[in-house]
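Student: 3D model of this:
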Amino acid sequence: MFPLEPSLYTVKAVLILDNDGERLYAKYYDDTYPSVKEQKAFEKNIFSKTHRTDSEIALLEGLTVVYKSNIDLFFYVVGSSHENELMLMAVLNCLFDSLSQMLRKNVERRALLENMEGLFLAVDEIVDGGVILESDPQQVVYRVALRGEDVPYSEQTVTQVLQSAKEQIKWSLLR
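Tutor: Down below sits the predicted model:
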């Protein structure tokens, strides 16, 4: 057997399920499970195999799954069967620690649902297309905070919107 080619595409999926096994967040980076139906079946299988155990790793359907639970959430990072578990665990810990800081140590379902934008940004900072970009939670939180400064108009006061409009007009006239 030939050794496998090294690849930067380490992560196949990042999942967060609630304590009933329902999807709160799922991002798949390849087409191992191309349809939502197949993804949901995989998530149900993963949850049934892991929700009562205290271990942190499972080999399931030819994939390596590292996971962690907290209060009413289950966090999963999925890689191929030959993937380094420590790399996957670094992603999982970075995600959990980043969310813990962003949610002020209140990592539970309701708080997460109220801050889904932060979750999306954090996952995008950690993994892009299956490639691990960052494993330092401090950096992730910092970058999410930077991107979060672009507050949507619906959440700004009238004064802020008018100020923003003035700035845009000023810059367009100065060109």
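Student: what distance do you get for residue 97 to residue 126?
Tutor: For residue 97, the distance to residue 126 (C-beta to C-beta, to the nearest Å) stands at 11 Å. C-beta: built from backbone N, CA, C; applies to glycine.
Student: ok, those two, which is more surrounded?
Tutor: residue 126 (25 against 17; other C-beta atoms under 10 Å).
Student: the more buried one against residue 98, yeah?
Tutor: Yes: Residue 126 is within contact range of residue 98, at 7.3 Å (criterion: C-beta atoms under 8 Å).
Student: any residues in contact with both of the two?
Tutor: Common neighbours of residue 126 and residue 98 (criterion: C-beta atoms under 8 Å, 6 or more residues apart in numbering): residue 140.
Student: pull the number of nearby residues for residue 107.
Tutor: 20.
Student: helix, strand or coil for it?
Tutor: Three-state assignment for residue 107 (DSSP: H, G, I helix; E, B strand; the rest coil): coil.
Student: wait, it sits on residue 96?
Tutor: Yes: assessed by C-beta under 8 Å, residue 107 is found in contact with residue 96 at 7.0 Å.
Student: overlap of the contact sets of those two?
Tutor: residue 70.
Student: residue nearest the middle of this structure, spatially speaking?
Tutor: residue 123 (3.3 Å; C-alpha atoms, centre = their mean).
Student: name the next helix or strand downstream of the helix or strand harbouring it, please.
Tutor: Assigned by DSSP states H and E, residue 123 falls within helix 116-126. As assigned by DSSP H and E, the chain's next helix or strand after helix 116-126 is strand 127-128.
Student: so what's the model's average confidence on that next one?
Tutor: What strand 127-128 shows for mean pLDDT is 94.
Student: ok, now stretch 140-156?
Tutor: 70.
Student: let's see the pLDDT reported for residue 34.
Tutor: Reported pLDDT for residue 34: 92.
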